[in-house]
Structure formats: structure tokens, C-alpha cells
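**Q** Here is a sequence together with a model predicted from it:
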Amino acid sequence: MQRPATVSLLKNDLTKTRLRFAILALASLMSFGSYFVYDNPSALQTQLQDDLNIGTFEFNLFYSVYSFPNIILPILGGYFIDVIGNRIGALLFSILIVIGQGLFAFGVMINSYNIALIGRGVFGLGGESLNVSSNYYMTNWFSGNELAMAMGTTVSVSRLGSVLNDNIEPVIVNSTGSLSLGLWIGFLFCIFSLICVIIANILDGKKDKNLGIISKKHLPDSEKFRFHDLKYFGFSFWCLCLNCLVVYIDVSCFNNIASNYFQERFGYNSVESGSIISITYIVAAFLCPVFGMIVDKFGQRVQFMIFSTVSITLVHTAFLLTPESHKPIYPIFYMVFLGLGYSIYASVMWASIPYLIKPKVAGTAFGMATSIQNLGLGVGPLLVGYIQENTNKDKGYYWVSFFFVMIGVSGIITCILIYVNDVKTGGVLRSKNPEKVRESFIGINETEKTDLGNSYSAIN
Ligand SMILES: NCCCC[C@H](N)C(=O)NCC(=O)O
């Protein structure tokens with residue numbers, strides 16, 4: 001998008017007003033519905049398998065049809081955002097989520113596994129790309145001294161959707177006897193999120209109009225996204241993506257199997273296990289914005305990421321070394337620590353991306369990172385399942401924990417590589433004022449100070 005940087009236009013810059021906090025609330029809530037419904041199947045696994053008369057493999061397909069297409073889709077979604085614009089993208093992705101969840105709930109209501117599965121597939125077409133849109137909103141409305149706080153807040157509110165799902169879905173089914181009712185409630189949450197997108201789009205359009213920003217369609221060629229711009233995805237960016245892949249295996253894939261893990265190794269029942277595993281995201285809901293604020297103030301992004309990957313690896317090492325016993329208390333503390341490591345990571349990692357790329361490829365960059373993350377989320381569970389089925393020690397979980405420790409170590413190594421590269425290239429990720437450092441690091445010129453870091457106009 002093009003922005004004439006005149007003083008009079010800056011007076012009308014809505015990103016400098018309190019309205020940005022309304023956008024923050026809307027961007028957080030626009031993902032709430034999709035996080036809530038994403039884990040509907042895991043919260044209702046037994047009931048779904050009974051009602052639809054399906055086995056574990058068919059059940060796991062509810063997640064696979066979501067994750068595997070998302071190894072590619074967010075790149076296309078991000079590209080779509082860079083070329084067409086974020087507002088249309090966010091709207092389209094949200095509509096797909098609503099349709100997908102509607103089909104899923106309808107399929108379950110009429111006991112049709114195939115319709116329910118198609119629903120999950122349609123949901124996946126928008127589910128991850130909407131996260132890309134929400135991140136893009138944040139980079140457009142928040143500058144370097146608030147960006148990590150803003151992104152941390154969106155993760156925190158969205159993850160409350162996951163926590164709410166874990167805790168209320170089983171209760172709804174148990175108290176009403178209707179399996180689809182909870183899914184229709186998820187559908188309503190998705191409509192609510194769609195309404196948030198529409199309101200955010202109106203405000204965002206107003207901001208662009210005030211600043212004289214023109215639609216992507218009408219941009220001069222020099223400011224349009226072109227594939228050769230991807231060469232600006234340097235070493236730190238790719239290393240960050242790899243890091244994201246491994247760290248999310250250690251957090252999300254572990255969370256997927258954690259319920260059985262706690263039941264089989266530590267004798268908790270399914271309800272207790274459900275409460276224990278939601279600790280990670282409850283901690284994140286409180287701490288993500290806090291760590292975001294700390295990073296915005298002090299910089300040092302890579303050091304925070306190193307601390308977080310070390311914490312996550314130590315948690316898996318603790319699980320590896322903890323012998324089986326009946327309802328021990330200490331795994332609860334491990335989950336608190338996992339939540340701490342995850343909170344730091346989620347608030348720092350995503351907010352680091354804008355400083356490693358040119359603004360006009362921001363959508364594609366967020367999409368690329370999300371796609372690579374989904375590669376891990378798709379392959380990770382298969383590897384974990386394979387290891388567990390083919391080993392015996394601690395019911396197969398010993399080598400599963402060992403796998404998580406090794407993945408954690410690769411997370412630490414990739415963080416260190418990012419740190420070394422950051423030192424060599426001017427320290428953008430460690431800086432308190434990363435936008436300034438980015439200018440010399442990536443070589444952004446005047447006409448390219450556009451979409452992202454709207455503070456550019458104010459700073460310069
Ligand atoms: N849209 C449903 C959930 C998507 C989660 C996404 N893959 C993710 O991990 N985002 C970052 C995070 O920390 O939540």
C-alpha cells in the first residue's frame with residue numbers, strides 16, 4: 001500500500017489513537033472462534049467415535065484434513081493478502097471457517113462422518129490463514145514498541161478459546177446428551193468472530209482512507225509484491241521458521257497426546273488429564289501479553305527465545321526422567337513451566353518476523369512461517385505415534401519423551417544460529433528499536449516503508 005508521508009496525513013493516523021486497542025480486541029476475537037472449534041474433536045473424542053461409529057484412524061483424520069493442506073495454504077493465503085489485501089483475505093478466511101464448522105456440526109448432527117470430515121477440510125481452508133491475517137493486522141496497527149504486546153495479546157485471547165473448549169464441550173454433552181449442540185455453539189462463536197472481522201475491516205478501511213493509502217490493485221509496479229522479493233527472506237528468517245517447526249512440535253504435538261500420557265503414566269482420569277493439559281494455555285493466556293510488553297521495552301528477542309526453548313526442553317527432560325507413579329503432583333508444575341516457555345515463545349517469535357523481511361512480503365512471510373509450522377504439526381503426531389507403537393519402555397512413552405527432548409535441543413541450536421546471525425547483521429532482533437535497525441539491515445528505501453511498522457511515517 002502506498003502512503004504519502006506528509007505531516008497533515010499523520011495527524012489523521014488512526015494507528016496513533018486509542019482506536020488501535022479496539023483493533024487489538026477485534027483481531028484477538030477474530031481468531032477466538034477458530035481456536036475454540038479447532039479442538040472440538042479432541043474434547044469430544046469418545047462421544048464422536050461412538051456416535052459416528054468410527055475408529056481412531058478416522059478420528060485422527062479430523063485433524064489431518066485440517067493440517068496437511070495447511071502445509072501449503074497459508075503461503076497462498078499470505079500471498080493472496082500481499083496481492084489483494086488483508087481485509088478481503090480475512091473476510092474470506094472467516095467465511096470458510098463458518099461454513100466449515102457449520103458442515104462439521106451438521107454432519108455430526110445427522111451422523112454423517114463424511115460430511116463432518118468435509119466440514120473440517122473447509123474449516124482448514126481458512127483456519128490457519130486467518131491467523132496470518134490477524135498477525136498482519138497487528139503489524140499494520142502496532143509499531144515496534146507495542147508489537148510483541150499486541151501479538152502476545154492475540155495469542156492469549158485466542159488460546160482462551162482452546163481452554164474454554166476443553167472445559168465446556170464435555171460438560172455440554174454430559175448435561176444435555178446432545179453431541180452436536182456444543183458444535184453449534186462453536187458455530188456461533190465463529191459467526192461472532194466473523195462479525196469482529198467485518199468491524200475491524202471497516203476501521204482499517206477508515207485508517208487507510210485517512211492516510212491516503214490506495215488499494216493494492218492500484219499500486220505502482222515498484223510497490224507490488226513480486227516473487228523475486230522472496231530473496232529478502234534471509235538466513236535468520238528461514239532459521240526462525242525451522243525453529244517454529246520444532247518448538248511447536250514440542251508444545252502442540254505434546255499437548256495432543258498429553259491426555260493419554262497423563263492417564264497411562266500417572267493414573268489420572270480423562271477429566272483430570274483434560275484440566276492438567278489446559279494449564280499450558282491458561283498460563284499463556286496470562287503471560288503472553290506480559291512477555292510481549294517486556295520484549296517491546298527491552299528488545300533481546302533471541303535471548304528470550306533461547307530461554308523459552310531451554311525451558312521447554314527441560315520440561316521434556318523432566319518428563320523423561322520422571323518414573324511412573326499414581327497421580328504425582330510434580331507433572332502439574334512441569335505444565336506450568338511448559339506454559340511459561342510457550343508464552344515467551346509465542347509472544348516473541350511471531351512478532352520478530354516483520355523485522356526480518358521487507359514490508360510488502362509480510363503476508364507471504366507470515367504464511368510461510370505458518371505453513372512450515374503446519375508441516376511440523378502434520379508430521380510430528382505421525383512420528384510420535386510411530387515411536388510409541390514401536391517401543392515398549394514406559395508404554396512407549398520413554399522414547400517419545402526422548403524424541404521431544406531431541407526436538408527441543410534442535411530448537412535451542414536453531415535459536416543460537418539466529419543469535420549468531422543477528423550479531424553479524426546488526427542486531428535487529430536484539431534491538432529496542434528494531435524498525436530503525438531493519439532499515440539498514442534489509443535496505444528498505446523510502447517507497448518501501450509502507451504496510452508494516454506504520455510508525456515509520458512518524459519516526460522519519
Ligand atoms: N486456528 C486454529 C488454531 C491454530 C493454531 C495455530 N497453528 C498456531 O499454533 N498459532 C500460534 C499459537 O501459538 O497459537
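**A** Perfect, thanks for sending it.
**Q** use CA for all of it now, contacts and neighbours both
**A** OK.
**Q** Could you export stretch 414-434 as CSV, keeping only the C-alpha atoms?
**A** The C-alpha coordinates for stretch 414-434 follow below in CSV (Å, rounded to 0.1, in the frame of the first residue of the first chain):
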residue,chain,number,x,y,z
THR,A,414,18.4,-23.0,15.8
CYS,A,415,17.9,-20.2,18.3
ILE,A,416,21.7,-20.0,18.8
LEU,A,417,22.2,-19.8,15.0
ILE,A,418,19.7,-17.0,14.8
TYR,A,419,21.5,-15.2,17.6
VAL,A,420,24.9,-15.5,15.8
ASN,A,421,23.4,-14.3,12.5
ASP,A,422,21.7,-11.4,14.3
VAL,A,423,25.0,-10.3,15.8
LYS,A,424,26.6,-10.4,12.4
THR,A,425,23.8,-8.5,10.7
GLY,A,426,23.4,-5.6,13.0
GLY,A,427,21.3,-7.0,15.8
VAL,A,428,17.8,-6.2,14.6
LEU,A,429,16.2,-8.9,16.8
ARG,A,430,18.1,-7.7,19.9
SER,A,431,17.4,-4.1,19.4
LYS,A,432,14.9,-1.9,21.4
ASN,A,433,14.2,-0.1,18.1
PRO,A,434,14.1,-2.9,15.6
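**Q** Contact residues of the stretch 51-200 of the chain facing the ligand?
**A** 127, 128, 155 (C-alpha under 6 Å from any ligand atom).
**Q** By neighbour count, sort out the buried ones in these.
**A** Listed as buried from these are 127, 128, 155; burial here means 16 or more other C-alpha atoms under 10 Å.
**Q** how many neighbours does residue 410 have?
**A** Residues near residue 410, counting by other C-alpha atoms under 10 Å, number 18.
**Q** gap between it and residue 206?
**A** 45 Å (C-alpha to C-alpha, to the nearest Å).
**Q** ditto for residue 418
**A** Residue 418 is 38 Å from residue 206, by C-alpha to C-alpha.
**Q** Nearest to the ligand: which residue in the stretch 51-200 of the chain?
**A** Nearest to the ligand in the stretch 51-200 of the chain, going by C-alpha to the nearest ligand atom, is residue 127, at a distance of 4.3 Å.
**Q** Does that residue lie in a helix or a strand, and which?
**A** Following DSSP states H and E, one finds residue 127 within helix 113-141.
**Q** List the contacts of the residue of the stretch 251-400 of the chain at minimum distance from the ligand.
**A** Nearest residue of the stretch 251-400 of the chain to the ligand: residue 346, at 5.0 Å (C-alpha to the nearest ligand atom). Counting by C-alpha atoms under 8 Å, 6 or more residues apart in numbering, residue 346 touches 152, 155, 288.
**Q** ok, the first one - how many residues close by?
**A** Taking other C-alpha under 10 Å as the criterion, the count of residues near residue 152 is 32.
**Q** same thing with residue 193?
**A** 25.
**Q** can I assume it is in contact with residue 30?
**A** Yes. Counting by C-alpha atoms under 8 Å, residue 30 is a contact partner of residue 193 at 4.2 Å.
**Q** for the record, mean pLDDT for stretch 359-369?
**A** The pLDDT scores in stretch 359-369 average 86.
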